[in-house]
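Asks: Sequence and predicted structure, then a few things I'm wondering about:
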Amino acid sequence: MAKHYESDVTQLINQYKEQHPDTELRQREGRARLWDKNLDPEIQEGFKQARVPQKPYVYQTN
């Protein structure tokens, strides 16, 4: 592969980022809103204690 080769997808992404310079900031904000959360250990422990054991074959009705 040539040293200066860029795939079509890479070119598209770079072009998009040039046209929309706030893209990475919006991505970070979205990630922080959905994923980067501080978990409360007490609540997590309550979830563990409330867990109901799953039967070996979940689709069996008897």
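Replies: Looks like it arrived, so ask away. Numbering: from 1, shown residues only.
Asks: any low-confidence regions in this protein?
Replies: 1-2, 62 (pLDDT under 70).
Asks: Can you pull up the most central residue in it?
Replies: By CA atoms, centre = their mean, the chain has its centre lying nearest to Trp35, at 6.6 Å.
Asks: where's that one relative to Glu45, distance?
Replies: Separation of Trp35 from Glu45 (CB to CB, to the nearest Å): 21 Å. All C-beta spots, glycine's among them, are computed from the backbone N, C-alpha and C.
Asks: quick one on the thing from earlier: residues in contact with the residue nearest to the centre of the chain?
Replies: Not one residue lies near Trp35 by CB atoms under 8 Å, 6 or more residues apart in numbering.
Asks: go on, Phe47?
Replies: For Phe47, the contact set (CB under 8 Å, 6+ apart) is empty.
Asks: That one: helix or strand, and which one exactly?
Replies: Assigned by DSSP states H and E, Phe47 falls within helix 41-50.
Asks: Keeping just the C-alphas, turn that helix into PDB.
Replies: Written as PDB, here are the backbone C-alpha positions of helix 41-50 (Å, rounded to 0.1, in the frame of the first residue of the first chain):
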ATOM      1  CA  PRO A  41     -22.100   1.000  44.500                       C
ATOM      2  CA  GLU A  42     -25.100   0.700  46.900                       C
ATOM      3  CA  ILE A  43     -27.600   0.600  44.000                       C
ATOM      4  CA  GLN A  44     -25.400  -1.900  42.100                       C
ATOM      5  CA  GLU A  45     -25.300  -4.100  45.100                       C
ATOM      6  CA  GLY A  46     -29.100  -3.900  45.400                       C
ATOM      7  CA  PHE A  47     -29.400  -5.000  41.700                       C
ATOM      8  CA  LYS A  48     -27.100  -8.000  42.400                       C
ATOM      9  CA  GLN A  49     -29.200  -9.000  45.400                       C
ATOM     10  CA  ALA A  50     -32.500  -8.700  43.600                       C
END
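Asks: Cheers, nothing more for now.
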